[in-house]
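Asker: would you be able to build a 3D model of this:
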Amino acid sequence: MKLIDTIYVEEEVIKHPRTETILKRFRNARHVTIGRYGEVFNKRSQNFRLQKTQPALILARKHSGRVLKTPEGFGIGAKNNFYFAHMLNCLYDCRYCFLQGMYSSANYVLFVNFEEFDADIHATIHRFKKEAVTFFSGYDCDSLAFESISGFATHIIPIFRHYPSAILEFRTKSTAIRSLEKITPASNCVIAFSLIPHAMSKVLEPNVSSIQKRIDTLKKLADLGWKIGLRFDPLICGKDWRGHYKHLFETVFMSIPNNSIHSVSYGPLRFPKAVFRNVSRLYPEEKLFAGLLSQKDGMFSYRSELEEEMSSFCQKSFAKFVPKSIVFRCASDKNQGE
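Answerer: As a prediction, this is how the structure comes out:
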């Protein structure tokens, strides 16, 4: 994690216990009091790539929209899918991530009013009574990369121990799992890791733990009793992509006990039009955004024939290791990022 040298704090949360704890941890950082986080985060003419080299942290209160419906096509089988918006932006710098083009700022926003998130989670679960509901942490951020500072995961897991019909997924690339090692696994909590082949990861996932380290972490979590999610999303087409993915799939599935795998999902590389426009402007030299991607139905993605070829390859590969019932294909909402 890059050293945080500036922290902006909304006046409304300056006396919040969580704020005080974080500020004590970063005593040497510059502390700046602001009215609302948008004064900093939504400023015009920000240099995203420059900010990405040294992001500031913004501590704020989330007034509304704490628990939101997921975009269409985002899920692992449940009819009712929601995500937490407790943090904005990610510590990592993956070139294919939609967060590269979502916001004008690369600064991190952490909403410290977890207790209000709790209330909204309870209300959402009760609204659906006995129906299955899935909640995702890791849509606007990486679920665990900031855990040593935020403590959000260890705060929120106890709630779900009381609701066996609800599923909680933490989606991450972080191998910093100390907090999860200290608590008893929850049977309805899934720790899901995003994975792409090693050769692609070296180029497209700067400053992220290696694929092998992520696999080792998954195995450790499985051995501890946590349910595991495997997220091969996005699928990226490149030289010998079949060979690279074949090796990845074999390595992953041979490393993790089958009975620990909760679900497997995959989805081709795709960007909503507005996000693609922003991210390709940020990284005009990036080969990933050239050549094979084209616009259709408000999205930039591979041609349909290539997507189906990659999908078929995945389905046949997964069938060797897990039942079809736990495999899901993901897609993105074309309005995402508009």
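
Asker: what's stretch 16-32 in contact with?
Answerer: 4-9, 13, 57, 59, 61, 110, 112-114, 149, 151 (CB atoms under 8 Å, 6 or more residues apart in numbering). Backbone N, C-alpha and C define where each C-beta goes, glycine included.

Asker: hey, C-alpha coordinates of the helix or strand harbouring Ile149 in PDB?
Answerer: Element membership for Ile149, per DSSP states H and E: helix 147-150. Only the C-alpha atoms of helix 147-150 are listed here, as PDB (Å, rounded to 0.1, in the frame of the first residue of the first chain):
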ATOM      1  CA  GLU A 147      -9.100  -4.000   5.500                       C
ATOM      2  CA  SER A 148      -6.100  -3.400   7.800                       C
ATOM      3  CA  ILE A 149      -7.200   0.300   7.900                       C
ATOM      4  CA  SER A 150     -11.000   0.100   7.500                       C
END
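
Asker: returning to what we had before: which of the contacts of stretch 16-32 fall within helices?
Answerer: Those of those mapping onto helices are Phe114, Ile149, per DSSP state H.

Asker: show me what the one helix or strand Val203 maps to is packed up against.
Answerer: Assessed by DSSP H and E, Val203 sits inside helix 198-204. Applying 3 or more CB pairs under 8 Å, 6 or more residues apart in numbering; DSSP states H and E, one finds that helix 198-204 contacts helix 211-224, helix 241-255.

Asker: and the strands in the stretch 201-338 of the chain?
Answerer: Remark: strands assigned in the stretch 201-338 of the chain by DSSP state E, counting those that start in this stretch are 227-235, 261-268, 270-272, 294-296, 299-301, 327-329.

Asker: those strands: lowest mean pLDDT?
Answerer: Of all these, mean pLDDT reaches its minimum on strand 294-296 (a mean of 88).

Asker: so what are the sheet partners of that strand and their directions?
Answerer: If you go by DSSP bridges, strand 294-296 pairs up with strand 299-301 (antiparallel).

Asker: now do the same contact list for the closest residue to Ile34 other than its chain neighbours.
Answerer: Counting by CB to CB, 6 or more residues apart in numbering, Ile34 lies nearest to Tyr8, which is 5.1 Å off, once chain neighbours are set aside. Remark: with contacts taken as CB under 8 Å, 6+ apart, Tyr8 is in contact with Val32, Thr33, Ile34, Tyr37, Val40, Ala56, Leu57, Ile58, Leu59, Asn107.

Asker: from those residues, list the buried ones, please.
Answerer: Neighbour-count burial (16 or more other CB atoms under 10 Å) is assigned, among the contacts of Tyr8, to Ile34, Tyr37, Val40, Ala56, Leu57, Ile58, Leu59, Asn107.

Asker: tell me the one of those residues nearest Ala186?
Answerer: Nearest to Ala186 among the buried ones among the contacts of Tyr8: Leu59, at 27.4 Å, using CB to CB.

Asker: fine by me, thanks again.
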